[in-house]
Structures are given as structure tokens and as C-alpha cells.
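Novice: what follows is a predicted protein model with its sequence.
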Amino acid sequence: MTERTFSIIKPDATRRNITGKINAVIEEAGLRIVAQRRVHLTEEQAKTFYAVHAERPFYGELVGQMTAEPVVVQVLQGDNAVARYREVMGATNPEQAADGTIRKLFALSIGENSVHGSDSLENAGIEIAQFFTDADIVG
Ligand SMILES: Nc1ncnc2c1ncn2[C@@H]1O[C@@H]2COP(=O)(O)O[C@H]2[C@H]1O
């Protein structure tokens, strides 16, 4: 089934100027980038986006990292896009990520793990709506 999922290329990757390399892995995996924008997240935006992690010990560091430098927010479209992108990203901890995945190729650490992807179709809809309107997405 064709789905849309939400992706963030994180500051550790924009800082190293490797957004194109990450997009190449995404496209080679059969996902289509149907919306994309570079944005410097405010603290409020990052806190809202990661509210589900507010009680976790790494929350403050996470918000700090996500607001340190610009990110690239994206909508990806394709067959089973939510699950497919999670496969393409690899495990949250790059030490556990499979060969060929974005995190195996590029991530620096569990915190600086280069990309975010929605964990469910429902959350994909919520996350996409935080950054894009329907008019921004050209499928
Ligand atoms: N111990 C941790 N466990 C899980 N996520 C962590 C941890 N420390 C930092 N994080 C970050 O928290 C983020 C939450 O969702 P992400 O998919 O963006 O990727 C996660 C990691 O970058």
C-alpha cells in the first residue's frame, strides 16, 4: 500500500554536508521525496516534536542537539513507506544497525544518529502536519 512517512535529516548530518548522500540512500531504497525543507528548529518546535520522550533522561540533550544546527524535514512516499524507511534507517543505536542502512553508514552515536523516521502511520500523519500542509506535498 502506498504510504507517506515523515523524516528528519538531523544536525549531525547537515553539519557534515551529507544530506545528498542520505537522500541517495532513501531514493535507492525506492522511496520518493515528495516534500522537503531545510529549517532551524526552535526549542519549542523540538520540545513539541519529542514530547513523547519528555520524561526520558536524554530529553534535554536531544532537544539541544536537534536545535544546534539546521535540519532537513521531509515527506517520503512509497510502498509501506513507514516500515520501509525504518528498515532503511537501521537501528536507533548505530552499533546495532545493519550494513547498508543510513545509521550504519553515517551515524555518530545513539544521539547523533543522522535521521529520524516515524514509527507508525498514525504518527507519520501527526508529524507531517507539524511541518507541511497538503499543498507542500507533491506526490
Ligand atoms: N538512550 C537512548 N535511547 C533512545 N533514543 C535516544 C537515546 N539517547 C538519545 N536518543 C535519541 O532520541 C531520539 C528519539 O527518536 P529518534 O528516532 O529521532 O532517535 C532517537 C535518538 O537520537
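Specialist: Sure thing, it's come through. Numbers count the residues shown, from 1 in each chain.
Novice: show the pLDDT at residue 91.
Specialist: pLDDT for residue 91: 98.
Novice: that one: neighbouring residues, count only.
Specialist: For residue 91, the count of nearby residues is 16 (other Cβ atoms under 10 Å). Where you see a C-beta, it was placed from the backbone N, CA and C, and this is true even at glycine.
Novice: again with residue 20
Specialist: Residues near residue 20, counting by other Cβ under 10 Å, number 8.
Novice: how far away is it from residue 14?
Specialist: Separation of residue 20 from residue 14 (Cβ to Cβ, to the nearest Å): 11 Å.
Novice: for residue 109, same thing?
Specialist: From residue 109 to residue 14 the distance is 16 Å (Cβ to Cβ).
Novice: neighbour count for those two, which is higher?
Specialist: Comparing residue 109 with residue 14 by other Cβ under 10 Å, the one with more neighbours is residue 14, at 20 against 12.
Novice: quick one: the residue nearest to the more buried one when sequence neighbours are not counted and residue 38, what's the gap?
Specialist: The shortest distance from residue 14 to any non-neighbouring residue, by Cβ to Cβ, 6 or more residues apart in numbering, is to residue 70 (5.1 Å). Distance of residue 70 to residue 38, computed by Cβ to Cβ: 5 Å.
Novice: buried ones in stretch 31-50?
Specialist: For stretch 31-50, burial by neighbour count (16 or more other Cβ atoms under 10 Å) applies to 31, 34, 35, 36, 41, 45, 46, 47, 49, 50.
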